[in-house]
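Engineer: with the sequence up front, the predicted model follows.
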Amino acid sequence: MIRAMAVLLMLSAPAVAQTVPEPSDYRLDHYRAPVPGQITGGTTVGPEEAHALWTDGKTAFIDVMPQPPKPANLPEGTIWREKPHETIPGATWLPNVGYGKIADVTADYFRAGLNKVTDGNLSHPVVFFCLEDCWMSWNAARRAIEWGYSDVYWLPEGTDGWRLWDYPLERVTPEAGQPQTG
């Protein structure tokens with residue numbers, strides 16, 4: 001009886017979030033894994049704080065969710081349809097810029113996208129996001145901080161947390177100029 005009560009108590013106890021230390025460099029693999037609770041030089045926000053920034057309309061939102069490339073070995077005549085992507089309304093989708101190591105052409109695409117949404121103002125507030133437990137947004141935010149952006153927000157829950165709060169989403173396509181992969 002006591003054992004059954006102990007098991008019942010364990011099952012009903014609230015889950016404790018896993019604490020992940022902030023690394024000293026970019027995350028290079030296993031991008032879908034628990035993330036740290038902070039980003040040095042930036043501000044971590046939850047969905048409610050991000051929604052307030054979104055509602056205010058003075059903050060740029062950048063979605064860094066990767067986009068799968070079209071397979072190179074598709075048989076001739078195969079129709080390829082991109083998977084639809086939903087994001088926070090008004091956000092700019094810059095796919096594939098959140099990897100730990102990015103090619104110069106991808107870095108140029110990322111810089112151009114940042115420049116466009118901030119009008120070249122390094123102090124313009126920017127929110128980076130992807131999905132929950134996705135290191136891509138952390139890497140992208142860190143890179144922006146290293147490039148001199150001073151008002152960087154990071155939304156670790158990404159569109160998953162945004163959706164959980166029943167905030168709106170819209171279907172988007174990637175920002176023009178995306179480097180081709182695959």
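Structural biologist: Cool, got the structure. Numbers count the residues shown, from 1 in each chain.
Engineer: now the residue nearest to Gly98 when sequence neighbours are not counted: how far from Tyr99?
Structural biologist: Spatial nearest neighbour of Gly98, excluding adjacent residues (CB to CB, 6 or more residues apart in numbering): Met136 at 2.7 Å. Yep, even glycine has a C-beta here, placed from its N, CA and C like the rest. The gap separating Met136 from Tyr99 is 7 Å, by CB to CB, to the nearest Å.
Engineer: circling back: so how far is Gly100 from the residue nearest to Gly98?
Structural biologist: From Met136 over to Gly100 the distance is 9 Å, taken as CB to CB.
Engineer: ok, those two, which is more surrounded?
Structural biologist: More crowded of Met136 and Gly100, by other CB atoms under 10 Å: Met136, with 26 against 17.
Engineer: pretty sure the more buried one is touching Gln67, no?
Structural biologist: No: in this structure Met136 lies outside contact range of Gln67 using CB atoms under 8 Å: 11.4 Å.
Engineer: still on that earlier bit, assign a three-state SS to the residue nearest to Gly98, would you?
Structural biologist: helix (DSSP: H, G, I helix; E, B strand; the rest coil).
Engineer: quick one: mean pLDDT for the biggest helix by length in the chain?
Structural biologist: With secondary structure taken from DSSP state H, the chain has its longest helix at helix 104-118. Mean per-residue pLDDT for helix 104-118: 97.
Engineer: state the next helix or strand along the chain beyond the least confident helix or strand in the chain by mean pLDDT.
Structural biologist: Across the helices and strands of the chain, the lowest-confidence element by mean pLDDT, DSSP states H and E is helix 2-12, at a mean of 43. Moving toward the C-terminus from helix 2-12, the next helix or strand (DSSP states H and E) is strand 43-44.
Engineer: list the buried ones in the helix or strand that that next one is followed by?
Structural biologist: Using DSSP H and E, the helix or strand that follows strand 43-44 towards the C-terminus is helix 47-56. Using 16 or more other CB atoms under 10 Å as the test for burial, helix 47-56 gives 47, 50-51, 53-54.
Engineer: redo those as a markdown table? Include pLDDT and distance to Trp162.
Structural biologist: Output for those, formatted as a markdown table (pLDDT from 0 to 100; distance: CB to CB, whole Å):
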| residue | pLDDT | distance to Trp162 |
| --- | --- | --- |
| Pro47 | 98 | 5 |
| Ala50 | 98 | 7 |
| His51 | 98 | 8 |
| Leu53 | 98 | 12 |
| Trp54 | 98 | 9 |
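Engineer: lovely, talk soon.
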